[in-house]
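Undergrad: output the structure for:
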Amino acid sequence: MPGNSRSKAAMTNSVLSRLIDLLGSSLPAYISDSGIWSYPGAEQIKLALADCVGDQRSIVERAGTLLVERHVTPPRPIYPIAFTALHDLDLHSLLPRILGALRRQVVEIEHLMDVSRQDRNAHDLLADARQTTLLHSDIFEDMARGSAGAVPPASAVS
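TA: From the prediction side, this is the model:
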């Protein structure tokens, strides 16, 4: 049925657009893009944030390419207004918030994976996004444990 395949394609395109919004407007991306000043001494966290944002931007670019190939204009992510309250950062104290955001991303990505099973390209990209997000969550958790004690593992989300 042509109408049914069109609605599946529209749903998958919506899933890819949501992935772009989710990762493109993430807290790590905001911290990277905003140029917020942070206290010295958190170089390991800054490097981990840069790696996380680089991976997120790669996935966003791949999702955008899939949409363009399908003749759909990719969305432009918009940062939540709540992020503007962040300034003069102590990145160590921000680790729990970053971890919470990454954990919520994993849950959302898993939901998107459930609704995109019919589209192999979208599903594979979402699987990559999930794996990458879990990897970065683990890295930030290790940092948080080193500075503040026990933090539940991100893999417990899955």
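
Undergrad: pLDDT weak spots in this structure?
TA: Scanning the chain for pLDDT under 70 picks out 1-9, 87-88, 147-158.

Undergrad: so how many other residues sit close to residue 36?
TA: 15 (other CB atoms under 10 Å). (Glycine included, C-beta is placed from N, CA and C.)

Undergrad: for it, phi and psi?
TA: Phi and psi for residue 36, reported as degrees, to the nearest 10, are phi -60, psi 140.

Undergrad: over to residue 73?
TA: Dihedral angles (degrees, to the nearest 10) for residue 73: phi -80, psi 120.

Undergrad: ok, it touching residue 67?
TA: Yes. Using CB atoms under 8 Å, residue 73 is in contact with residue 67, at 7.2 Å.

Undergrad: neighbour-wise, which of the two wins?
TA: Counted by other CB under 10 Å, residue 73 and residue 67 do not tie: residue 67 has more neighbours, with 20 against 9.

Undergrad: what distance do you get for the more buried one to residue 10?
TA: 12 Å (CB to CB, to the nearest Å).

Undergrad: which SSE is the residue lying closest to residue 113 once chain neighbours are set aside in?
TA: Leaving aside its chain neighbours, residue 113 sits nearest to residue 126 (4.6 Å; criterion: CB to CB, 6 or more residues apart in numbering). In the assignment (DSSP states H and E), residue 126 maps to helix 120-148.

Undergrad: name the helices or strands packed onto that helix?
TA: helix 2-24, helix 43-69, helix 91-115 (3 or more CB pairs under 8 Å, 6 or more residues apart in numbering; DSSP states H and E).

Undergrad: could I get these as a markdown table with distance to residue 33?
TA: A markdown table is the format used below for the helices and strands packed on helix 120-148 (distance: least, CB to CB, whole Å):
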| stretch | distance to residue 33 |
| --- | --- |
| helix 2-24 | 10 |
| helix 43-69 | 8 |
| helix 91-115 | 15 |
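
Undergrad: spatially central, which residue of the protein would that be?
TA: residue 23 (3.4 Å; CA atoms, centre = their mean).

Undergrad: show me the contacts for that one.
TA: 29, 56-57, 59-60, 77, 105, 129 (CB atoms under 8 Å, 6 or more residues apart in numbering).
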